[in-house]
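>>> Quick one, structure for this:
(chains A and B)
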Amino acid sequence: MRLPAPIQRYYQAWLARRLPRAPLVVLNQRRIFIFPTGYGFFYLAVGSLLFIGGINYENNLVLSLSFLLASLFLVAILHTYRNLSGLGLRNGGSESGYAGERGSLGVTLFSEHHDHHCIWLEWEGQPAQQISVPAGTESTLWMNLALPKRGKVLAPRMKVESVFPLGLLRTWSYVSLDHCCLAWPSPQVSQECPAEGGSETTQAAPTGKAGNDEFRGLRGYVAGDSLRRIDWKGYARGAGLNTKLFEEPAGGRLWLTWDALEGIGTEQRLSILCYWVLALDQHQNPYGLKLPGMTLVPDTGDTHRLRALDALAAYPEFG
Amino acid sequence: MRVYQVPTHTRLWLVITIIACSLPQLIRGPAWQAGLVILVMVIRALADRQRIRLPGKMVRGVLMASVVGLTWFSFGRIYGPDAGVALLVSLFSLKYLEVVRQRDAYVVIVLGYFVCATALLFERGPGMFGYVLLCMLLLTACLVGINHSDTGVRPLAHLRRAGALTLQALPVMLVLFVLVPRVAPLWNMRIDSGQARTGMSDSMAPGEISELSQSSDPAFRIAFDGPMPVPGERYWRGLTLSHFDGRTWQQAIPRGMEKKDYLAERGSPAPGWYKALMSAERGSGYRYQVIMEPTQRSWLFAMKVPVIEQGDAALARDMRLVAQKPVSETFAYTVTSYPVLSGAMRLDSIERELMLSLPDQDVGRRARGLAQQWRLDSSSAEEVVDRALRYFREHPFYYTLSPPPLPVDPVDEFLFMTRRGFCEHYASSFTFMMRAAGIPARVVVGYQGGEPNALGSHLMVRQYDAHAWSEVWLEGRGWVRVDPTAAVAPDRVENGLRAALSDSADDEPLLSGLQSFANSGLLGRLRQWGDYVDFQWQTWVLGYNSQSQMSLLRQLLGSVSPLRIALALLAGITLLLGLYTLFLLSRDRGYRQSPMEREFWRLHQRVASLSGVPLDTGITPAQLAERIAERWPRAAEPARQWALQYQQALYNPAVLADNPRIRHLRRLRNRLYKLLD
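Just a heads-up that it's a prediction; the model follows:
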């Protein structure tokens, strides 16, 4: 159902006022809406039919059957409401992605007092996902998120709904988690490496020269080390997970700089920098990144790459 | 779009529910219905195990057509209550073949509600209602199941949840049942429960009452608003028979009298005799409610002289009640009987003529002679009556339910040859002789006696209490009851049929049949309880109509107005739902403090309010003690003590924060309060 645009705008503004963005939300009576489902109306119609039958046949038992249906409906209001009431939602993890592709956001649901069954979480335009949250536990659901353009993409308003236990009533709430997903710039191929420092400043990054790096030794694996540097042979021998250490590569430290791409649009600059971050990372060349207001010292590895990509995505608001 | 499948954990509940809901009809209806349900269940079970595919449109169509055909074959039509219900139940089970998606399951459940309702149309006992409640529980469990999309859930959890919902719904249902106004039917749809029960017929031929005497079916129940009359006074008049053809007594209206003069109906002008009756002195009466089993006849039973208080009935000139239409389902009415009123009736000449009429001379020659002799020897009608009764007492008459046949002349053969018979023989021959002696007389049939329920709630009158007696017209006293059977077998009137038969060898087999209904032993007590439940059910559930509702509401609410009823409904439902809300949602109302936390915050707040300076909420017990020491140096030491004890209880694993410890802390705190001023 689509409301006319002005009403829709007004409605959205009202929702935003009533249910503001927050990193953690516990559903309560201010936030929960409840209304019969189509089946609920059908059920009430059946109850009324039985009522008329009971009246016309002057049969008190059929009449009380219709009263029982009505009573079950009334009690179901409480139970349906309770299924959502007290459910907590908070920010979970965030998986970034390149602009134009998809990222995902984790939503953590937790419950303190009682079980919540068959809760459907839905972002507009996305298929709904279902989850149950037993009392005293928490569980995380990953929701896909389209990343149309580079930058921070805020989590859309999420519909949390449930028809449990009888399907006669739908109870729902809108939750805006103060949660965002970073969209990295989509890499754009360029021949010139926008780098300074090292010996071959203006050349393309050395390709296939990883062998030139001088092997220096091993150290224990630390989370974040590049998988390509793991001593897999040693691992296969049973020596445990170790990371190979190399001497400074021949090319020296490269600084990818924003200023090297003078005269190109912001997004394009970021895309080119992104391409080079990925390219240098692939060849395990240490690289640094200089953006206006932000500097990342040269290093290698997955953590470093992600940090660099996140910096590009977040430009110009770091932090 | 979400594609639902009916979850596996709910299938068993669906099967059980379909069978349980159909069961009353499967028992009552034709056998092929049970076969159909089994067939459907087998097909479905095989399909669910991937042995066969679910039947397609063709097969389902064929099944549907054959169901319609079989219904036609069994009932001769496919509409009407019986055939309609049979068709509904068949559709209900056939629909299960189609259940794939959630909405199919919804349809099955809704059909289940209707199937439950039809079961209640035909059978209205508390047992059936309990059974239907069970079916409702199962239907609710199915509803929970199809809305539970977790795959790992245990099927029993559905039943538990449905049980909780149903238990909470029942009190609300009760409130609705009591308070929702009973509307008059929008259009009339009566269903005859069909079976004509055993009961009185409208004439009295030899042997009929003895057949009734072998049935222990309930005839009616009576609840008195006050003391019960003594057993010898419990004569429930049903109809009066005033025409005798030599063999059979029949009802008759005096020649030339019209029905409207004979019957005082509500809504039509009251006949003169009725006005006279209503204005006469009444004396005291017995007020009681009669709840009658269906008889398919329109006469009702009451003691004389009944004045109707509640219920649709008319009073006839012969002091009996007549219903507006044949009693086809349980029927209740309330009357007050005034024994004295019978003196206010008058006997017209045409009526007198009818009450003296006798068949032609061939019947009862000797009896007529005897009666006329008595008349000549007596000075009054009362004396003739006494002589007749003495005749029965002094000659060897026996009371038995298996009398020898009276092939030719029932009156003379009985009075002078066999002398063995039961109430109708005595009533018939006595009435005959009274007429022969010139005293207007008639036979009355009805029931006599009744067995008080052990729980004291009511009197149960069974078919074997059927009885016949006479009424004679005595100048100045009106119609007077004379029971000639009492002259022969006083036990019959005082203690009921069983006592009257107890020393008769002929009636041994019959007696042992009736004995099983006796009030002795566990079985007897159970039966009394069952009867009590049945009676309360009839009165409070089945008989709860707009009239009894009004009187109950008047008691509950003071006076009855639509506004008051609406307010009472609202209040009742709100109260119940409020209780449930408290019960269900109280724990969601934010965080609950532990006793230890409460201890801390009480002192915290006291210190904050006394010092007038807001305290940091993140303060530790030690810091709190320091604050106290700064402000109230006298209290420094107890405060330090308190903080130490508190921290010990909280952090020292060797010290338990149990109740004695908390009491100790509270004592310390109270001592501290005194020093703070």
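>>> Verify the stated contact: B:Phe414 with B:Phe432.
No - the criterion here is Cβ atoms under 8 Å, and B:Phe414 misses it with B:Phe432 at 9.9 Å. All C-beta atoms are positioned from the backbone trio N, CA, C, and that covers glycine.
>>> Who has more neighbours out of the two?
The neighbour comparison of B:Phe414 against B:Phe432 (other Cβ atoms under 10 Å in any protein chain shown) goes to B:Phe432, with 28 against 24.
>>> Show the secondary-structure elements that the strand or helix carrying that one is packed against.
Secondary structure from DSSP states H and E places B:Phe432 in helix B:423-436. Packed against helix B:423-436 by the contact rule (3 or more Cβ pairs under 8 Å, 6 or more residues apart in numbering or on different chains; DSSP states H and E) you find helix B:208-212, strand B:243-244, helix B:365-377, helix B:381-394, helix B:410-413, strand B:441-448, strand B:466-474, helix B:484-488.
>>> Which one of these lies nearest to chain A?
Comparing the helices and strands packed on helix B:423-436 against chain A with Cβ to the nearest Cβ, the closest turns out to be strand B:441-448 (26.6 Å).
>>> can you list the residues that contact the following helix or strand past the closest one?
As assigned by DSSP H and E, the chain's next helix or strand after strand B:441-448 is strand B:451-452. With Cβ atoms under 8 Å, 6 or more residues apart in numbering or on different chains as the test, strand B:451-452 has contacts from B:228, B:458-462, B:496, B:519.
>>> about what we covered before: and the helix holding B:Phe432, average pLDDT?
Computed over helix B:423-436, the mean pLDDT rounds to 90.
>>> Format the contacts of strand B:451-452 as TSV; extra columns: neighbour count and distance to A:Ala135.
Formatted as TSV, those follow (neighbours: other Cβ atoms under 10 Å in any protein chain shown; distance: Cβ to Cβ, whole Å):
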residue	neighbour count	distance to A:Ala135
B:Met228	17	60
B:His458	26	52
B:Leu459	23	57
B:Met460	20	55
B:Val461	25	59
B:Arg462	23	59
B:Gly496	20	65
B:Asn519	13	55
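>>> Look up phi and psi at residue 229.
By default, I'm working from chain A. As for A:Arg229, its main-chain torsions (degrees, to the nearest 10) stand at phi -100, psi 0.
>>> now do B:Glu309
When read as degrees, to the nearest 10, the backbone of B:Glu309 gives phi -110, psi -40.
>>> thought it was touching B:Ser337?
No - B:Glu309 lies out of contact with B:Ser337 (Cβ under 8 Å); the separation is 10.7 Å.
>>> For these two, indicate the residue with more neighbours.
Neighbour count, other Cβ under 10 Å: between B:Glu309 and B:Ser337, B:Ser337 has more, with 20 against 13.
>>> Which secondary structure element of chain B has the lowest mean pLDDT?
helix B:508-515 (a mean of 58; mean pLDDT, DSSP states H and E).
>>> and the next helix or strand after that helix, what does it pack onto?
The element immediately downstream of helix B:508-515 (helix or strand, assigned by DSSP H and E) is helix B:521-536. Under the contact criterion of 3+ Cβ pairs under 8 Å, 6+ apart, helix B:521-536 touches strand B:218-224.
>>> Quick one: mean pLDDT over the strand it packs on.
Strand B:218-224 comes out at a mean pLDDT of 88.
>>> What of stretch B:619-638?
Mean predicted lDDT for stretch B:619-638 stands at 86.
>>> ok, and what's touching that stretch?
Against stretch B:619-638 from outside (Cβ under 8 Å, 6+ apart): B:600, B:603-604, B:607, B:611, B:615, B:639-640, B:642-643, B:646-647, B:650, B:668, B:671-672, B:675-677.
>>> Among these, which are located in strands?
With strands taken from DSSP state E, there is no overlap with these.
>>> Give me the subset of the residues you listed that lies in helices.
B:600, B:603-604, B:607, B:611, B:639-640, B:642-643, B:646-647, B:650, B:668, B:671-672, B:675-676 (DSSP state H).
>>> which residues touch B:Arg365?
Contacts of B:Arg365 (Cβ under 8 Å, 6+ apart): B:Asp412.
>>> Who's the closest spatial neighbour of A:Gly301, skipping the chain neighbours?
Spatial nearest neighbour of A:Gly301, excluding adjacent residues (Cβ to Cβ, 6 or more residues apart in numbering or on different chains): A:Ser226 at 4.6 Å.
>>> Determine which residue lies closest to the centroid of chain B.
Taking Cα atoms, centre = their mean, the centroid of chain B lies closest to B:Gln538, which sits 2.0 Å from it.
>>> Now do the strands in the stretch 151-300 of chain A.
A:151-154, A:158-162, A:169-175, A:180-184, A:195-196, A:215-220, A:242-246, A:254-257, A:287-291, A:294-299 (DSSP state E, counting those that start in this stretch).
>>> which stretches of chain B aren't confidently modelled?
Applying pLDDT under 70 to chain B flags residues B:1-4, B:188-202, B:205-211, B:498-520, B:587-593.
>>> Determine the number of other residues adjacent to B:Phe301.
24.
>>> For A:Ala260, see how far away A:Arg305 is.
19 Å (Cβ to Cβ, to the nearest Å).
>>> ok, B:Ala468 - contacts?
B:204, B:209, B:423-424, B:427-428, B:443-446.
>>> run the last query once more with 10 Å
Going by Cβ atoms under 10 Å, 6 or more residues apart in numbering or on different chains, B:Ala468 touches B:200, B:204, B:208-209, B:238, B:241, B:249, B:422-428, B:431, B:443-446, B:448, B:483-485.
>>> so what's it bridging to?
B:Val445 (DSSP bridges).
>>> From B:Trp299, how far off is it?
14 Å.
>>> coming back round to it: okay if I get the strands of the stretch 151-300 of chain A as TSV plus mean pLDDT, mean neighbour count and distance to chain B?
TSV is the format used below for those (pLDDT from 0 to 100; neighbours: other Cβ atoms under 10 Å in any protein chain shown; distance: least, Cβ to the nearest Cβ, whole Å):
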stretch	mean pLDDT	mean neighbour count	distance to chain B
strand A:151-154	86	18	26
strand A:158-162	92	22	9
strand A:169-175	93	21	11
strand A:180-184	88	23	25
strand A:195-196	73	21	50
strand A:215-220	72	11	36
strand A:242-246	74	17	41
strand A:254-257	82	22	46
strand A:287-291	85	23	39
strand A:294-299	83	15	35
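>>> give me the element the nearest residue to A:Pro165 once chain neighbours are set aside is part of.
Distances taken as Cβ to Cβ, 6+ apart place B:Val144 nearest to A:Pro165, at 4.8 Å, with adjacent residues excluded. Element membership of B:Val144 [criterion: DSSP H and E] is helix B:126-146.
>>> Okay, domains of chain A per the record?
Listed domain ranges for chain A are A:13-184, A:215-246, A:252-314 (source: the TED database).
>>> quick revisit: quick one: which of the contacts of strand B:451-452 is nearest B:Ala184?
Nearest to B:Ala184 among these is B:His458, at 28.6 Å by Cβ to Cβ.
>>> Now do the same contact list for the closest residue in space to that closest one that isn't next to it in sequence.
For B:His458, ignoring the flanking residues on the chain, the nearest one in space by Cβ to Cβ, 6+ apart is B:Ala223 at 4.4 Å. Contacts for B:Ala223 (Cβ under 10 Å, 6+ apart) come out as B:287-291, B:332, B:334, B:453, B:457-459, B:535-536, B:538-539.
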